[in-house]
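Asks: Turn this into a structure:
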Amino acid sequence: MFTACGDDTDEGNGGSTTTSNEVIVSEIITGNTTWSKDKTYILAGRISVVTGVTLTIEPGTIIKGQAGTGANATALIVARGGKLMAEGTATEPIIFTSVADEIKSGEIASPNLPTDFNGLWGGLIVLGDAPCSLEGDVTELSIEGIPPTDANGLYGGTNAEDNSGVIKYVSVRHGGANIGEGNEINGITFGGVGSGTMVENVEVVANQDDGIEWFGGTVNVKNAIVWNAGDDAVDTDQAWAGTLDNFVIICGDETDHALEIDGPEGSMNAGHTVTNGWVKGHAASELGDFRKNAQGTFSKIYFFNFDGGMADGRGDMSLSSGSDVTFGDGSLTFADLEITTDSTDLTKIFKGGTDTHASSVASASNAGADVAPFAGWSWAAKEEAYK
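Replies: Numbering: from 1, shown residues only. Here you go, the predicted model:
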């Protein structure tokens with residue numbers, strides 16, 4: 001079997017074979033490997049970067065996942081102790097997409113797939129050794145979307161500063177394959193990822209499940225876009241203790257919640273910070289659902305294009321049982337929430353007393369995100385989807 005490598009020192013690069021300019025990656029990556037923009041990499045299964053190994057992806061590289069469901073769903077997994085060095089640039093982003101996508105290096109928009117086609121492959125999963133609040137106070141767990149028999153799917157630990165690499169100028173599209181009933185793969189999943197990991201300028205487009213989901217950990221994310229998520233755009237769980245700063249959410253006709261915020265599942269308590277957001281709604285969507293014992297700080301978020309306070313819960317931001325307690329004791333806080341709406345009663349939109357931290361504004365006076373960092377490299381900016 002001919003192995004295709006990005007440099008002369010690559011080893012164990014996933015059982016790769018080449019066809020023309022395509023590299024088929026069919027086995028786990030067991031040696032330091034580089035993927036270069038002069039080739040397109042085809043994920044032929046669940047590909048893991050194992051402990052102690054670094055996968056480097058050069059700017060402008062295209063990675064495509066084959067179709068697959070159940071245990072055969074395709075995904076790129078950075079196992080605990082592995083590293084992903086995916087450093088795209090503002091002129092050469094790294095794009096993860098489906099084999100059905102005819103996009104080539106140097107292009108931003110797909111030439112053939114709509115922005116709402118989802119579930120065509122899996123997604124990007126990054127796992128680390130940082131603390132997570134897990135049920136029963138166990139120290140590790142198998143990440144959702146991956147069969148529990150796969151040891152490369154374990155996450156969680158004790159190193160808050162754990163480093164899983166660098167992810168910059170990366171767009172993940174058309175994913176979210178289902179591996180079982182109610183168990184899909186998120187566009188980008190962070191499981192126990194530590195603060196030593198750098199994540200900036202990331203985009204998820206048309207994922208069948210959540211756009212970006214954090215399971216514990218301490219990683220910070222700056223400049224993120226989620227467009228047309230099939231479930232929740234941004235989902236947080238298990239006492240994630242990082243910051244999401246400067247983000248845009250564009251809800252589609254399948255998006256459930258723009259924000260779904262869950263609390264700790266074990267005795268460890270921690271909250272996260274979500275700030276400087278711009279959320280474009282849809283008639284089918286809710287602003288947010290703060291679930292049992294949610295904790296954290298949510299500030300400077302601007303909402304628009306929602307049907308405010310519908311009787312069935314659409315168009316509102318709610319506190320579920322337990323989050324009313326954390327809101328009351330100050331471990332869940334809100335500040336500077338803004339919305340453009342025809343409603344004259346914000347209590348129908350911002351529930352549980354959160355309306356005291358919200359105001360109605362004209363569309364031209366909103367704060368929220370700075371969209372300038374998304375220009376040039378993101379599909380959402382190219383289509384001006386957030387307007």
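
Asks: excluding its backbone neighbours, what's nearest residue 71?
Replies: Distances taken as Cβ to Cβ, 6 or more residues apart in numbering put residue 147 closest to residue 71, at 5.2 Å, once the chain neighbours are dropped. Just so you know, the C-beta spots here come from the backbone N, C-alpha and C atoms, and that holds for glycine as well.

Asks: Tell me the confidence at that neighbour?
Replies: Residue 147 is assigned a pLDDT of 82 by the prediction.

Asks: With residue 311 instead?
Replies: Per-residue pLDDT puts residue 311 at 66.

Asks: SS state for the residue lying closest to residue 81 once chain neighbours are set aside?
Replies: The spatially closest residue to residue 81, leaving aside those adjacent along the chain, is residue 51, at 3.3 Å (Cβ to Cβ, 6+ apart). Using DSSP: H, G, I helix; E, B strand; the rest coil, the secondary structure recorded for residue 51 is coil.

Asks: could you pull out the helices for this protein?
Replies: Listed in chain order, the helices of the chain (DSSP state H) span 323-329, 379-382.

Asks: Buried residues, the longest one. List them.
Replies: Residues of helix 323-329 classed as buried: 323-324, 326-327 (neighbour count, 16 or more other Cβ atoms under 10 Å).

Asks: Just flag the most distant two among the residues you listed.
Replies: For these, the farthest-apart pair by Cβ to Cβ is 324 and 326; their separation is 7.7 Å.

Asks: quick revisit: reformat the helices of the chain as TSV; add distance to residue 253 and mean pLDDT.
Replies: Output for the helices of the chain, formatted as TSV (distance: least, Cβ to Cβ, whole Å; pLDDT from 0 to 100):
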stretch	distance to residue 253	mean pLDDT
helix 323-329	27	97
helix 379-382	16	97
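
Asks: okay if I get those helices as a markdown table plus distance to residue 341?
Replies: Output for the helices of the chain, formatted as a markdown table (distance: least, Cβ to Cβ, whole Å):
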| stretch | distance to residue 341 |
| --- | --- |
| helix 323-329 | 22 |
| helix 379-382 | 23 |
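
Asks: Contacts for stretch 48-57, please.
Replies: Contacts of stretch 48-57 from elsewhere in the structure, counted by Cβ atoms under 8 Å, 6 or more residues apart in numbering, are 6, 12, 28-35, 63, 76-88, 94, 150, 152, 165.

Asks: Report how far apart the opening and closing residues of that stretch are.
Replies: Counting by Cα to Cα, to the nearest Å, the length from the leading to the trailing residue of stretch 48-57 is 14 Å.

Asks: What is the distance between that stretch and the centre of its chain?
Replies: Between the centre of stretch 48-57 and the centre of its chain there are 20 Å (Cα atoms, centre = their mean, to the nearest Å).

Asks: Run through the stretch 251-387 of the chain and note the low-pLDDT ranges.
Replies: 309, 311 (pLDDT under 70).

Asks: In it, mark out all the strands, start to finish.
Replies: With DSSP state E, counting those that start in this stretch, the ranges of strands along the stretch 251-387 of the chain come out as 257-261, 272-280, 286-290, 296-304, 317-319, 332-340, 358-360.

Asks: Nearest to residue 39, out of the ones you listed?
Replies: Ranking those by their distance to residue 39 (criterion: Cβ to Cβ) puts strand 272-280 first, at 35.8 Å.

Asks: before we move on, the earlier item: dump the buried residues of helix 323-329 to CSV, plus distance to residue 247.
Replies: As requested, the buried residues of helix 323-329 are exported to CSV (distance: Cβ to Cβ, whole Å):
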residue, distance to residue 247
323, 21
324, 25
326, 22
327, 22
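
Asks: which of the residues you listed lies closest to residue 203?
Replies: Minimum distance to residue 203 across the buried residues of helix 323-329 is 28.9 Å, recorded for residue 323 (Cβ to Cβ).

Asks: Which residues are in contact with residue 191?
Replies: Counting by Cβ under 8 Å, 6+ apart, the residues that residue 191 touches are 125-128, 132, 143, 155-156, 215-217.

Asks: For it, give the beta-bridge partners.
Replies: The residues listed as beta-bridge partners of residue 191 by DSSP bridges are residue 127, residue 215.

Asks: thinking again about what came up before, please report the distance of the residue nearest to residue 71 from residue 70.
Replies: 9 Å (Cβ to Cβ, to the nearest Å).

Asks: Can you check which residues contact both of these two?
Replies: When Cβ under 8 Å, 6+ apart defines a contact, the residues bordering residue 147 and residue 70 alike are residue 179.

Asks: more neighbours, these two?
Replies: When neighbours are counted by other Cβ atoms under 10 Å, residue 147 comes out ahead of the other of residue 147 and residue 70, with 14 against 11.

Asks: still on that earlier bit, and the helices of the chain: which comes nearest residue 169?
Replies: Shortest distance between residue 169 and the helices of the chain, using Cβ to Cβ, is found for helix 379-382: 12.0 Å.

Asks: Export only the CA atoms of that closest one, formatted as PDB.
Replies: Taking C-alpha atoms only, helix 379-382 is exported to PDB below (Å, rounded to 0.1, in the frame of the first residue of the first chain):
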ATOM      1  CA  TRP A 379     -19.100  31.000   4.400                       C
ATOM      2  CA  ALA A 380     -21.500  32.900   6.600                       C
ATOM      3  CA  ALA A 381     -19.700  36.200   5.900                       C
ATOM      4  CA  LYS A 382     -19.500  35.600   2.200                       C
END
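
Asks: now for it, which elements pack on it?
Replies: Contacting helix 379-382 under the criterion 3 or more Cβ pairs under 8 Å, 6 or more residues apart in numbering; DSSP states H and E are the following elements: strand 198-205, strand 220-227.
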